[in-house]
Structures are given as C-alpha cells and as structure tokens.
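>>> coords please:
(2 chains)
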Amino acid sequence: MEEQIAELAAQVAALQASAGVTNTMFAETYYYLTIPLMIIIHAGFLAYEMGASRMKNVLSSGVKNILAFAFMIPTFYFFGWWVYWAFPTGITLSAGAAGISGAEYASSIAFGWGESAQYMGPNIADQASGVFFGAFALFACTTASIMSGAVIERIQTVGFTILAIVLGSFAWVVAAAWGWHADGWMVTMFGLHDFGAAGLVHAVAGFFALGVLVNLGPRIGKFNADGTANHIGGHNMPLTVTGLMLIIVGFWGFLMACVIVPGESWSWFADKGATIYGTPITLSALAFNILMGIAGGIIGAWIYTKDPFWMMSGALAGIISVASGLDIYFPGLAFIIAFGAGVILQPCAVWLEKRGIDDAVGAVTVHGTIGLYGLIALGVFASGYPALQGEGVATVSLVGQIVGAIVFFLLGFVPGYVVSFILNAMGMLRTPEAAEKAGLDPTKVPAQAYPEGISTSPAASS
Amino acid sequence: MGFPYDTADWAVVDGAMFMGWGGSAPGIYTLIAAIICVAVLWMGNSSEKAKYEDAEK
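Next up is the predicted model:
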C-alpha cells in the first residue's frame, strides 16, 4: 500500500512538473508573440505616414519612422526599462509596497552590466525578463510612431530621433511607472485605472507631439495669410488607410501584452489572467470590447465625415477611447463611448488646426484628445471599482481619472515642448525652407520612391 | 571570455549563459553600444546639415 502511494505521489509530482513546464512555455510564448504583433503597429504607422506624405517626401518620412524604431530598442535597453522599475513611487525612487519598484530594485534587474546583466541577456533560469522587455520596448516604439506622423515633411531626421528617444525611452515610461504598475503612486493614491494605456501611451504621445508641433511650426503652404488652412493631401490614400488597418491589427498584440497570464511565480493568480494592477481580466473581455470599440469608432466617424481616412482613424480612436476599461466595460457601453469618439474626432482636429497647429495625420486628436476622453469616460462609468488586488485599496473615481489625465497631459506636452525648443535653438528641429520646398527625398535620401513614376498600364484584351 | 562556467559542460549551466557573464564584458559591450548610438546621431546630424547646405545653394 505504502509503495503504491509513493508511486502515485511520484506520478503526481511528475505531472505537476510537466504542467509547470507547459505553463512556463505558454507564458513565454504568449509575450513573445505579442512582439511581432506589435511590430505590425509599426509597419502600419510606416505605411500610414508614407501615404500621408507628398511624393517628394515619401522616403524621408519612412527613414525617420524606421530610425525611431531602431533607436528605441537600444535606448529602452540602456535606460528605459530601468526607468519603468525605478519610478513608480515618484521622483524619490523609493521602494513601494509591492516590493518591485525603486532605484535599488531597478538597478538589480534592469541594467545591462554587473549582476543585473543576468536578467538582461540569455539565461536558462529566466524565461520572463526578455519577453517582458520586448513587449515594453515595442510599447515604446508605438509612442514614437504616434509622434512621427504628426511632424512629417519638415522635421530634421536626427532632431526627430532625439525627440523619439525622449518620448519612447523616458516620458511615457515615467507615465507607465506612475500609472501602470502595482506600486504606481497614481494607482495606489488615486485609484487610476488605465488597462490598455489610453492615457499613459496614447495621450502622452499625442500631447508630446503637440509640444513639438508648437515649436516646429506648420508646413509651408499649410496656412494662408488670413490664418485659414489649406488641405495638404498625401500622395497615397489607399496606403494610408491600409496602414491604419495594420495598426489596428497590431493593437490586438499591444492589448494582449497588457494581460498578466496565470500560473507563474510572477503571476497575480494561479488560475486566471490579471491586469497589470492585479485585477482580473479575460481575453474574451478584450475580444468583446475591442471589436465593439472599432465598430463604434468607424460608425461614429462615418456619420460625420464619410471619409475613409477619418473612418479608419475612427477605428483607432474607438479602440483608444475604450482602452482604459477594456477589462470591465459592457460591450454595448464600449460601443457608445467609441461612437462618441468617432463623432468628435474630426471636429477636434479642425479645432486644433484653427489654432495654427499643423498635425499632418491628426495624431494629437486621435491619440491625445481621445486618450484623455477615454481615461475620463472610465471615471464616469467605473467609479467604485477596486483599482488593485487586495483589501482596503483605492477605488476608481472620476477625480482619480481626471488627475491621471492632467498628469499624462503634462508628461507628454512639457518634455515635447522643452526638448523641441532646445533642438530648435540648436538648429536641429526644422528643415531649411529650400529643402522643404524642393522635397526632403531629393535633398537627402539616395533613393527614389517611384523611379518609374506612378503610371497605369492598359488592361490585357480578354 | 568564452564559456562562463568552470566546466565546459551544459549540465552545469543553471542561469546566465551569455558570453562574458560574471565579468566586466557585458558592461563594456553595453557602453560601446551606447557610444555607437550617440556617435551615429552625431555623424548623422553632420551629414544631414551638409545636405541642407547643398539644397540652399
């Protein structure tokens, strides 16, 4: 009998070990796959802003977008990942209650040198750090891409790259530490809830772009002497619209990466998924609400504009408007909020344009304004929800969400304005007038976008 | 440099397994990579400025 029990116990232990390996491999694969999905976001932004550029600037727009991606990865490795773990409790860089924050903790896991390097490179005992780093690095790339489209056709490449680094490897990372971490002070003190990063990614990036646009100024020919605006059409609307669709595809990976899978030593739960705050979530919740958000945004934009550019921007705005509460919205409510975002989208962009801001792709509105709209909408509907796991935690409130909106606005706008002001003073922001008029491709890109022009061929006879 | 464990046997590997682990090499590589990024931005800016000057002639 004892022998049989021992044998059974050994079998159970073997099964548990096997299940543990499967779960660990699942968790690693889950986050690994979010990375190529999020690269699709970048592919989408690339197509989007190249299509929105005039033919003389197509490749130049592409070069700066590709460079933003390339510089974001190493700079996020050098210091962005450290910022995320060091800053949650505020500028004191002290340790928080959850024990996974503060300068000392960050320095022990997020630097590519010393003992900490073991978590920043191949390690057979660590199947989490690399995929988490990768997912966050791609969040960073997304923020840089958001800014990238707004400033096309007149920004210098290196000046833009420096701005992208400040945004992607610092500004939004501080926002994430404060509002997207179990020790984040906006979460623990104000009950901020921003599951899908409407505020801390989209609003920060959108208003960073606004800060840059103030110093960068409009493209030549955008505004008339009386202040009225001219439409500067891109050379390829189908490419732009397809790019927007790619962004939407990629956002499934982005939002999937916001879920903490169960069953690992670092998981919140053994048996269910969690948000980054430790509150429960399912992928089914995401499926319901992302789809309803996309649909609501498109329909809202169509009713007002009938324009495919704004309809696809509406889809993106729809997702962003419900991103904060994708885990807890009822699908019908998600649709209503997203519909509202789609309706207000173009009027908000026009309002900004009337104030002399030349946002070439509407990024400030789609990401900035709608990001804050979504953040505050959650405060209206979700008040009273516990913001964290555990007893006596802060709850979601309208005040908390408004505080978050103000902080995210400032975390975007202020560094965007200040750094672009400095770059402008150093002559590194705006391209010279002659180059802008001639086109940035013939000025500095040793390749042609369309060497044979864009011509049509006769159809073959049937 | 080379295999970062005393015995050249994968069975003894229980943690970090990249080249240079346990020494100063990772920090040196990271520093060089960072210097490359800064230098490329510096050179890229010089090159860009030259192109703009050509366009203005």
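>>> give me every residue that touches residue A:56.
By Cβ atoms under 8 Å, 6 or more residues apart in numbering or on different chains, residue A:56 lies in contact with A:438-442. (C-beta placed from N, C-alpha, C; glycine too.)
>>> can you name the residue of chain B nearest to chain A?
residue B:27 (3.0 Å; Cβ to the nearest Cβ).
>>> coming back round to it: any idea which of the contacts of residue A:56 is closest to residue A:102?
Top of the list for closeness to residue A:102, among the contacts of residue A:56 and by Cβ to Cβ, is residue A:440 at 44.3 Å.
>>> residues contacting the closest one?
Listed by Cβ under 8 Å, 6+ apart, the contact set of residue A:440 reads A:56-57, A:60-61, A:153, A:431.
>>> swap in 6 Å and give it another go.
Shown in contact with residue A:440 (Cβ atoms under 6 Å, 6 or more residues apart in numbering or on different chains): A:57, A:60.
>>> over to residue A:139?
Counted by Cβ under 6 Å, 6+ apart, residue A:139 has zero contacts.
>>> switch to 10 Å and redo it
A:34, A:38, A:41, A:72, A:76, A:80, A:84, A:168, A:172-173, A:176, A:180, A:197, A:200-201, A:254, A:257-258 (Cβ atoms under 10 Å, 6 or more residues apart in numbering or on different chains).
>>> so which helix or strand takes in residue 28?
Went with chain A since none was named. Using DSSP states H and E, residue A:28 sits in helix A:2-52.
>>> actually, chain B is the one I wanted.
helix B:25-56.
>>> could you list the buried residues of stretch A:374-391?
Residues of stretch A:374-391 classed as buried: A:374-379, A:381-382, A:385-389 (neighbour count, 16 or more other Cβ atoms under 10 Å in any protein chain shown).
>>> by pLDDT, give me the weakest of the residues you listed.
Between those, the one the model trusts least by pLDDT is residue A:389, at 88.
>>> list the contacts for the closest residue in space to it that isn't next to it in sequence?
Excluding the flanking residues, the one nearest residue A:389 by Cβ to Cβ, 6 or more residues apart in numbering or on different chains is residue A:278, at 3.3 Å. By Cβ under 10 Å, 6+ apart, residue A:278 lies in contact with A:98, A:182, A:187, A:260, A:267-269, A:386-390, A:393.
>>> return the residues in contact with the residue nearest to residue A:383 when sequence neighbours are not counted.
The shortest distance from residue A:383 to any non-neighbouring residue, by Cβ to Cβ, 6+ apart, is to residue A:397 (5.1 Å). Applying Cβ under 10 Å, 6+ apart, we find residue A:397 in contact with A:190-193, A:379, A:382-385, A:387, A:403.
>>> just the ones of these in helices?
In helices, defined here by DSSP state H, the members of the contacts of residue A:397 are A:190, A:379, A:403.
>>> now do residue 57, the pLDDT please.
You didn't say which chain, so I picked chain A. Looking at residue A:57, its pLDDT reads 97.
>>> correction: the question concerned chain B.
We have a pLDDT of 84 for residue B:57.
>>> could you list the low-pLDDT ranges of chain B?
Low-confidence segments of chain B (pLDDT under 70): B:1.
>>> can you tell me which of the ones in helices among the contacts of residue A:397 is nearest residue A:414?
Checking those against residue A:414 by Cβ to Cβ gives residue A:403 as the nearest, at 16.2 Å.
>>> nearest residue to the closest one other than its sequence neighbours?
The nearest residue in space to residue A:403 (Cβ to Cβ, 6+ apart) is residue A:190, at 5.0 Å.
>>> ok, the one you found - contacts?
With contact taken as Cβ under 10 Å, 6+ apart, residue A:190 is in contact with A:178-179, A:184, A:387, A:394-397, A:399-404, A:407.
>>> pLDDT score assigned to it?
pLDDT, read off for residue A:190, is 97.
>>> can you count the residues close to whichever residue of the stretch 51-200 of chain A sits closest to chain B?
Using Cβ to the nearest Cβ, residue A:113 is the residue of the stretch 51-200 of chain A that sits closest to chain B, at 3.0 Å. A total of 15 residues lie near residue A:113 under the criterion other Cβ atoms under 10 Å in any protein chain shown.
>>> torsion angles phi and psi at it?
When read as degrees, to the nearest 10, the backbone of residue A:113 gives phi -150, psi 170.
>>> and it, what does it touch?
With Cβ under 10 Å, 6+ apart, residue A:113 has these contacts: A:120, B:24-31.
>>> and the residue nearest the centre of chain B?
Using Cα atoms, centre = their mean, the residue of chain B that lies closest to the mean C-alpha position is residue B:33, 2.6 Å off.
>>> now the residue lying closest to that residue once chain neighbours are set aside: which helix or strand?
Excluding its sequence neighbours, the residue lying closest to residue B:33 (Cβ to Cβ, 6+ apart) is residue A:74, at 6.0 Å. Following DSSP H and E, one finds residue A:74 within helix A:58-75.
>>> buried residues in that helix?
Buried residues in helix A:58-75 (16+ other Cβ under 10 Å): A:58-65, A:67-69, A:71-75.
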